[in-house]
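S.K.: mind looking at a prediction? Sequence and model below.
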Amino acid sequence: MTQAGEGVRAAFGPRPGERLKAALQTRSALASVIALFFVLLIAAGLVQDASAGRILSLFVWGVMLGGVIGLGGIGLTLVYGVLKFPNFSHGALATLGAYIAFSTVAYLPKSEPIGPFSFGWELVAGLVIAMPLVGLVAIGVDRVMYRRLRVQRSSLVLFAMASLAMAFFLRSVIYLIWGSDFRFYYQGRANPALDLPLGLRVQADQIFILLLAVVLVTLVYLLLEKTKMGKAMRATANNPELAQVRGINTEKVIAYTWMLSGALAAAGGVMYGLASQLRPEMGFWLLLPMFAAVIMGSIGNPRGALAGAVIIGVAQQVSSAAISPAYGPGVAFVLLVLTLLIRPQGLFGERS
Amino acid sequence: MDAATLSKGIFIAVPLTLLGLKLIPLKAALRLPAAIAAGVVLGIAIVAAMPSGGMSYLVSFTTMASIYAILALGLNTQWGFNGHLNFGIAGFFAIGAFTTALFTTAEPTGVMANYTKQAFGLEAPFLVGVLAGGVVSGIIAFLIAIPVLRLRMDFLAISTIGIAEIIRLIFQNERWLANGPQPLRGIPRPLDCLVQDQGCAPGWLAWLFGPLEARDYTFIYVVIVTLALALIYVALETALRSPWGRTLRAVRDEEASAAMNGKNLTSLRIQSFVVGSVVMGLGGALYAHYTVTIDYSHFKPLFSTFIIWVMLMLGGSGNNKGAMLGAFIIWGVWSGTAFLTGLLEPTLAAIHPSLPDRSSYLRWMLVAILLAGIVLFRPQGLVPEDKVVSRFLGKIANPRRKQHSQV
C-alpha cells in the first residue's frame, strides 16, 4: 500500500492534506502564529486601558527579562544539545548562583553604588565568584550522577529523573544554608527608574542586565564558533559516537559544557535576583520560561535560545497589561505548546 | 476489654482484612474467612496494645499513605504501563481535591459570603464529589493529552511541569473559583454523623458506633480510604492483565511492532494518560475530604509530584503492588524522619544557631538522595515488573515454556 502511495505521490505530488500540513509546519507559520499571539496580547492590553507608553515600557522590560531567561536558557540548551536530556535542575543552579553572590555581597564591605546603578563593586565580585563556583557544582553533579548513568548507558528517562532529584537536592541545600525568607542584595536601597524619551521608564539595573546578557551571549557565540573546544562541543552535540571516533575527548567536552552551563545559569540567577528578589523557588519559576525558550529556539542552538528568551520575556511582560502578572509562566507555557504543536523542532531547527 | 477497644478494633480490622486477602496463601474459598478472622483478632489486639495517641497516629499514617498509594497507582498507569513522564501530578491532584470541595460544600451565604468566595457549591453527597473529582481530572487530562502526547517523552515531562504550575496558579489567584489564596474550609467528612452524639447510626449498630467519640472519626475514614485503594488496585490490576493493559506495555516497549499489529498508538497513549489522571483525581478528592481545609499551597511540587515519583520508583514502576509498597515505605520514611531531625537538633544548633529551624529540609535532601540512589543503583525498584502479566498465560503457557527450556 505504501509503495503504491509512494508511486502516486511521485506522480502527483503530496496529497492536499499533507501539503497543508507541511505548509503549517514551516518556520514562517510558527513565526506568524507567534506574531498573532503578540497582536492579541497587545490588543487585550489596550482594551484594558493600558496606555501605549505603558505597553512600550512593558516591551522594553520584556527584552530585559528575556536577557535573564536567555542567560539561563543558553546553558540549558547546550546541555540539552550535548547530553540530550532536559536538565530539570538548571533552575536550582541559577538559584544557587544568586545566593552565592548574595553571601559575597554580605561578606564584603559595602562600596558606593556604581554610577546610576543600585549596586556596588561587591555585586560584580559576587557575580565573578558565583559563575565558576556554580560551574564546578554542575561538573560535580555530573561526576556523581550523570556520568555513572552514561557509563551504564541508562535510558534518557532516568537522566531526566536524576536531574529532577538533583533539582530538589540543590534546593534543599539552598534552604538549609540560606533559609526560606525573601532576600535582597541591598535591603532598602532605592532603585529609581530613569525617565527616557517616549515616556519610557527603565531602571539602570535593567539596562545592565540586558548589556551583560548581550556580552555573555557574544562570548558564548565566539567560543562555539571560533575555538577548538566550541567546535568539539558542536561535534559532540551532533553525533557523540562519531566525535569520539574522531579523537574528541567527549568527557572533557561534557565537563566544559557543564562549566559553561552552570556559569551562565549563575549569571542568570544573579541578574534575576537583582531585578526582583532572592527566593529559593526563583529558579523553579524560571524553569518553564527557559524550557519554552530552548524549544522555541531549537534545542542545542544558543542563539535560538536567546531569541526565544526575548520573545518569551516580552510576551510575559506585555501580558501583564491585560491579565494578572502572576500568570507569566502561563504565557510561556502557551507559547511552548504553540511551538510544540506547529513545529516541535523550533524556529531555527532543520526539518525532522 | 471495653466497648471502645472492640469498636475501634473492628474498624482497624477492615484494612487488615484487605491486606490479609492479598498476603494469605490459601485457596480463595478459605482466604476470605481466614483474612477476616486474622484481621479482627489482630485489629483488636493492636488497639488494645497501643496507647491511644500511638493508635491515632497509626490511623492517620495509614490514611495518608493510602491516599499516596492511590496517587502512585495513578502514576503507575501512566508511567509504569505506558511510559508517560508525568512531572505534573500535583495538577491532577489539585483538580480532584478542589472539584470535590466545590461539589460537596454549600455556597456561602450571608456574612460568610464576604469571607469565602467559590464558583458554586452543590452540597452533593461524598461519592458524587469524589467521582466528579476523578471525572474532571480526566477531562482536563484529555484536553492536555491531545496536543502533547503525540510528542517526545521529554517534551511531555516539560509540559506537565508547566500544567501543574498553571493549575496551581489558577487556584492561587482566582478568588471567585475556590477562594483564591485563602483556604477553602468546611469540606464535609463522609459519614461524620455516625460518631456524633446525636448520631445517625441505626439502632442495631449502636454497639459499634456508640463508643466512638467525635475525634475518633479517623477510624471511619481509614476504612473508606483503604476500601477505595483496594477497589482501585483491583480495577487497575485487572486492566493491566487485560488485553488493553498488555497492549499498553507493547506500545511502551515496542512502539513499531505495536503499530504494525494495527494498534492505534496515539489513542492508547491518551487512554492510559486519562485513566491515570482519573485515579489521581480520585486520590486528590479523598485527600480533600480527609484534611477538610485545602488551599493551593497543598499542591506544591515536593509533596504532590516529587515524593510520588520517589514512591513509584522505589516500589517498582510497572508493578501495582510495588507502587503501593513504595507509597507506604516512603511515607513511613518521611514521617519517621520527623523525629530524627528532632534528635539532630542539638548537633545542628552547634553548627549554626538558625539551622534547627531549617532541619525539615534535611528530609527533603534525604528523599532527593534516595531517588538519586534508586535511579543509579536499582532503577527497577524493590518489586520489579512482572514479565508475564496474563493470568491465562501464567497457567497454561508457563509450564510449557519450562519444558522447552529443559529441552
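M.R.: Structure received. Being a predicted model, the structure only gives us computed values, none of them experimental.
S.K.: residue boundaries of the strands in chain A?
M.R.: A:193-196, A:200-203 (DSSP state E).
S.K.: export those strands as CSV, with columns for mean pLDDT and mean neighbour count.
M.R.: Where C-beta positions appear, they are placed from N, C-alpha and C, glycine not excepted. Shown next, in CSV, are the strands of chain A (pLDDT from 0 to 100; neighbours: other CB atoms under 10 Å in any protein chain shown):
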stretch, mean pLDDT, mean neighbour count
strand A:193-196, 70, 12
strand A:200-203, 76, 17
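S.K.: for residue A:58, find the nearest of the ones you listed.
M.R.: Residue A:58 sits nearest to strand A:200-203 of all those, at 10.3 Å, using CB to CB.
S.K.: quick one on the thing from earlier: distance to residue A:251 added to the strands of chain A, as a markdown table?
M.R.: Listed next are the strands of chain A as a markdown table, based on distance: least, CB to CB, whole Å:
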| stretch | distance to residue A:251 |
| --- | --- |
| strand A:193-196 | 48 |
| strand A:200-203 | 43 |
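S.K.: near chain A, which residues of the stretch 1-150 of chain B are found?
M.R.: Residues of the stretch 1-150 of chain B lying close to chain A by CB under 8 Å from any CB of the partner chain are B:83, B:85, B:87, B:147, B:148.
S.K.: and those residues, which is closest to residue B:368?
M.R.: Within the residues of the stretch 1-150 of chain B next to chain A, the smallest distance to residue B:368 is 14.5 Å, found for residue B:87 (CB to CB).
S.K.: now do the SS call for that closest one.
M.R.: coil (DSSP: H, G, I helix; E, B strand; the rest coil).
S.K.: hang on, it packs against residue B:157?
M.R.: Yes: contact criterion CB atoms under 8 Å: residue B:87 and residue B:157 qualify, at 5.0 Å.
S.K.: so what sits against both of the two?
M.R.: residue A:88 (CB atoms under 8 Å, 6 or more residues apart in numbering or on different chains).
S.K.: how about the helices in the stretch 251-352 of chain A?
M.R.: Using DSSP state H, counting those that start in this stretch, the helices of the stretch 251-352 of chain A run over residues A:282-296, A:302-319, A:328-342.
S.K.: most tightly packed of those?
M.R.: helix A:282-296 (a mean of 28; mean count of other CB atoms under 10 Å in any protein chain shown).
S.K.: what is that one packed up against?
M.R.: helix A:52-83, helix A:90-107, helix A:156-178, helix A:250-275, helix A:302-319, helix A:328-342, helix B:153-173 (3 or more CB pairs under 8 Å, 6 or more residues apart in numbering or on different chains; DSSP states H and E).
S.K.: residues of stretch B:256-268 that come out buried?
M.R.: B:258, B:265, B:268 (16 or more other CB atoms under 10 Å in any protein chain shown).
S.K.: closest to residue B:111 out of those residues?
M.R.: Lowest distance from residue B:111 to the buried residues of stretch B:256-268 (CB to CB) belongs to residue B:268, with 52.3 Å.
S.K.: leaving out chain neighbours, which residue sits closest to the closest one?
M.R.: Nearest residue to residue B:268, sequence neighbours excluded (CB to CB, 6 or more residues apart in numbering or on different chains): residue B:251, at 5.2 Å.
S.K.: low-confidence stretches in the stretch 51-200 of chain B?
M.R.: Within the stretch 51-200 of chain B, the segments meeting pLDDT under 70 span B:197-199.
S.K.: that concludes my questions; thank you for your assistance.
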